[in-house]
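1. no FASTA, just this:
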């Protein structure tokens, strides 16, 4: 939080809409343009794909947002301004890990109902293993109940890191999970990889803008100020 810089998308908005959000970094251009921030997009889109170049901050943003919502539920922080579903449980799945469990050839041989069950079970096993890695495996049953109720914010990170041969399976897994009436989903992917089998129906996509000079300067200043405070310099 000490060094984080709010990310802007390439989608333009009005000044009036922009000013509704406190957490923003709208940079005024010569023609007074305003752009929707990643946070604003996440607030207004229940099903969203966040696109950007490698290293543009996609994963950092969704992890920060998930952590922010978790802190809000723990009464350790105020929820993001404009996010009307702050009571949702954030659930993060790294898609490259999920894809490693999927066998497209075996799945293609299954009838539709069994295929859907296997995909749902695969996602559940991924969540279970992630919780065990984090040392909180006892939370699994409660988390799955919340997931099945739909009262969660599902974060699916790194669609571009999924091998192309498995992207159709991953997309189908996402659609199976949505049958649980999940309230909100955000997916991250690089711009060049979001095509063909990777494209998700019902999802609105936003593309991140690169940092401008002012944002770069602010990030550097924040980072070095933090190092000074921590006596690392």
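-> Alright, I've got the coordinates. This structure is a prediction, so every number in the text was calculated from the model and none was measured.

2. any idea which helix or strand comes after the least confident helix or strand in the chain by mean pLDDT?
-> Within the chain, judged by mean pLDDT, DSSP states H and E, the helix or strand with the poorest mean is helix 15-18; its value is a mean of 62. Proceeding C-terminally, helix 15-18 gives way to strand 34-37 as the next helix or strand, assigned by DSSP states H and E.

3. May I see the buried residues of the helix or strand following that following strand?
-> Using DSSP H and E, the helix or strand that directly follows strand 34-37 along the chain is helix 38-44. Along helix 38-44, the positions that meet the burial threshold by neighbour count (16 or more other CB atoms under 10 Å) are 38, 39, 40, 41, 42, 43. Where you see a C-beta, it was placed from the backbone N, CA and C, and this is true even at glycine.

4. Nearest to residue 161 among these?
-> Of all the buried residues of helix 38-44, the one with the least separation from residue 161 (CB to CB) is residue 38, at 19.2 Å.

5. And the closest one, how close does it get to residue 167?
-> According to CB to CB, to the nearest Å, residue 38 and residue 167 sit 23 Å apart.

6. quick one on the thing from earlier: for the buried residues of helix 38-44, which one is nearest residue 179?
-> Lowest distance from residue 179 to the buried residues of helix 38-44 (CB to CB) belongs to residue 42, with 22.2 Å.

7. For residue 159, which residues are in contact?
-> Residue 159 makes contacts with 49, 95, 167, 170, 187, 188, 189, 193, 194, 198, as judged by CB atoms under 8 Å, 6 or more residues apart in numbering.

8. can you list the weak-confidence ranges in this protein?
-> When residues are selected by pLDDT under 70, those of the chain lie in 15-33, 232-233.

9. the helices in it, which residues?
-> 15-18, 38-44, 58-73, 95-99, 104-108, 112-133, 140-149, 167-178, 213-229 (DSSP state H).

10. Return the most buried member of those helices.
-> The highest mean neighbour count among the helices of the chain belongs to helix 38-44 (a mean of 23), with neighbours defined as mean count of other CB atoms under 10 Å.

11. tell me how far it is from the chain's mean position?
-> Counting by CA atoms, centre = their mean, to the nearest Å, helix 38-44 is centred 11 Å from the centre of its parent chain.

12. what's the answer for stretch 125-140, then?
-> Averaging C-alpha coordinates over stretch 125-140 and over its chain gives two centres that are 19 Å apart (CA atoms, centre = their mean).
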